[in-house]
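>>> with the input below, show me the fold.
(2 chains)
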Amino acid sequence: MNGRLFLYSLWCLGITGAFLAATMYGYSPFADGGRVAPRAGIYGPTHK
Amino acid sequence: MDDPAAGAPAAAVKALSCPSCGGAIEIKAAGYTVTIVCQYCSSVLDVANPDVRVITEYHEAAAALEIPPGTRGTLDGIEWEAIGYMRRSEGGSYPWDEYLLFNPYRGYRWLVTDGRGWSLGEMLTRTPEWSSPSGLFVGGERYEAFFRDTPAQVDYVLGEFYWRVAVGEEVVASTYVRPGWMLSREANGSEINWTLLRLLKPKEMSEAFGVDVPPRSRPPLPHQPSPYHGTIGKVATIGFATLGLLILLLILFSGRGPLLTERMTLPQTGQVQSATFGPITLDGAYQAVSIKARAPALDNAWVDLDYALVDRRTQVSYQAFGVAERYSGRDSEGSWTEGDRSSAIKMATVPAGIYDLVVDASATRWKTNPSAMIWGSAPRTGPEPIEVEIVASTGMTFLSNVIFAGFLILIPLGFMFFRHAAFETSRKGESDFSGTAAQDDEEDE
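All right, here's what the predicted structure looks like:
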């Protein structure tokens, strides 16, 4: 196994580990929870 | 120019004096060597006969060589001695050096360099098994055509050779390559020679002959393997296998079904209504909670939804905001629709506990009045109330996590593909068979 392959395997292993940890904690950096409601929105269709 | 020493008895070493300058010359492959160039005066001597004869007389100092004649080095466990040297070129352009190596038991080999790397060549005793305009096969391996038939001449010669080599000697050379290997075809009026060359690692050359080789050459040699050759396929396999594993985990740890299903009826006037639903029992240490709202009758209106998941014991609140909006109409191009009648939000890392879901919701009707585009200023028409179904469920995984992880997995893979492609483009840029080179040739004509 060459260096690049070893490093990439480690990288993938790290991502899988982080994914599993995030799954165990129900965590996502893109989750909605905790956000302040964006009440200043503009409503209505963008059509025309 | 077939290798005459292959499989023959070991050659003897013989000493003689140069008839031109009187310098002492040692023939390393006596019995096989036909021509020798004096290392002191560069005169070409015929040593095939007992009476040494001057073929061409020169009185020039020998060129300083990276591997002087007589230098010994071990390659592939075999000790070789450099006995001859030729500088060759394509009509004076693109010069390269060829050193003739000799081992009394193994015969002759060639060390070839153009300054970017070294290759060890062995003359083939067989011809290619199959050929096409784009390449040929030797020993079951395919070699792609790289340089088409080009005249190659000898510009300088030193040392001993097994044929009568002379400055100006010309052959027509063509080159075929595969990663790490080069196949050279040289033809003159009487014979065709095939030489198979293996690209040597810089370390091999420096250990064998003490020659410094640049670790990276630009542009790459025609037969230089990409640094990612042999790795990129394995890397892609690992990357996609990891991605598959993550998708499998996403499926395995997906939601466990609804915890709560409730309905709210909202007047389409923008008036906020509050409702508290519960209890919602979360028994995992931490979990994601998703809340979906669906308003099947929503049309030309929007529903604002403020959620607060409140822990009954600690009163800690987890908040999120959702909106469902759906619009439709008809214009000169026909009918159109826009938006979604449902809304989904997901809260992360909610700890175990008993919760209430507090929902502040309002529905507002939209009319094709520009002033109605701004929040709160829509005409409060449309008396019919709208029903919104709210479903809370727990799910362990986020699709966004898989997408993000997949992105991180593919970044190095994409980088390697890009570097590999750039290397191959640079390598093939010199080829007579690349698109760029072919275009240049047409322009020259």
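>>> please make it C-alpha for all contacts and neighbour counts, starting now.
Will do.
>>> tell me where the model's unsure across chain A.
Low-confidence regions of chain A, defined here as pLDDT under 70, cover residues A:1, A:33-48.
>>> residue ranges of the helices in it, please?
A:3-24 (DSSP state H).
>>> cool, and the stretch 151-300 of chain B?
Along the stretch 151-300 of chain B, counting by DSSP state H, counting those that start in this stretch, helices occupy B:202-209, B:232-252.
>>> determine which of the ones you listed approaches chain A most closely.
helix B:232-252 (6.1 Å; C-alpha to the nearest C-alpha).
>>> now do the closest one, average pLDDT.
Averaged across helix B:232-252, the pLDDT comes to 92.
>>> my read is that residue B:170 contacts residue B:155, right?
No - with contact defined as C-alpha atoms under 8 Å, residue B:170 does not count as touching residue B:155 (9.7 Å).
>>> pLDDT at the residue nearest to residue B:138 when sequence neighbours are not counted, what is it?
Leaving aside its sequence neighbours, residue B:138 sits nearest to residue B:128 (C-alpha to C-alpha, 6 or more residues apart in numbering or on different chains; 4.9 Å). Note on residue B:128: pLDDT of 81.
>>> list the contacts of residue B:128.
By C-alpha atoms under 8 Å, 6 or more residues apart in numbering or on different chains, the contact set of residue B:128 is B:136, B:137, B:138, B:139.
>>> closest one of those to chain A?
Distance to chain A, by C-alpha to the nearest C-alpha, is smallest for residue B:139 among those, at 26.9 Å.
>>> neighbours around residue B:316, how many?
Using other C-alpha atoms under 10 Å in any protein chain shown, residue B:316 has 12 other residues around it.
>>> tell me who's in contact with it.
So residue B:316 contacts residue B:310 (C-alpha under 8 Å, 6+ apart).
>>> please apply the same query to residue B:364.
B:267, B:268, B:269, B:270, B:271, B:301, B:302, B:303, B:378, B:380.
>>> with residue B:336 instead?
Contacts of residue B:336 were listed using C-alpha under 8 Å, 6+ apart, and they are B:328, B:329, B:330.
>>> dump those into JSON lines; add neighbour count and distance to chain A as well.
Below are the contacts of residue B:336 laid out as JSON lines (neighbours: other C-alpha atoms under 10 Å in any protein chain shown; distance: C-alpha to the nearest C-alpha, whole Å):
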{"residue": "B:328", "neighbour count": "14", "distance to chain A": "8"}
{"residue": "B:329", "neighbour count": "14", "distance to chain A": "9"}
{"residue": "B:330", "neighbour count": "9", "distance to chain A": "11"}
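>>> what would the contacts of residue B:364 look like in a markdown table with pLDDT?
Shown next, in a markdown table, are these (pLDDT from 0 to 100):
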| residue | pLDDT |
| --- | --- |
| B:267 | 91 |
| B:268 | 87 |
| B:269 | 86 |
| B:270 | 85 |
| B:271 | 89 |
| B:301 | 90 |
| B:302 | 91 |
| B:303 | 93 |
| B:378 | 47 |
| B:380 | 47 |
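>>> what comes up buried for stretch B:107-119?
B:107, B:108, B:109, B:110, B:111, B:112, B:113, B:114, B:117, B:118, B:119 (16 or more other C-alpha atoms under 10 Å in any protein chain shown).
>>> cool, and stretch B:189-207?
So, applying 16+ other C-alpha under 10 Å, buried residues of stretch B:189-207: B:193, B:194, B:195, B:196, B:197, B:198, B:199, B:200, B:202, B:204, B:205.
>>> quick one: average pLDDT of that stretch?
92.
>>> contacts for it?
B:1-2, B:75, B:117-127, B:180-187, B:211-215, B:223-224.
>>> how far does it sit from its chain's centre?
25 Å (C-alpha atoms, centre = their mean, to the nearest Å).
>>> ends of it, how far apart?
Terminal residues of stretch B:189-207 lie 39 Å apart, using C-alpha to C-alpha, to the nearest Å.
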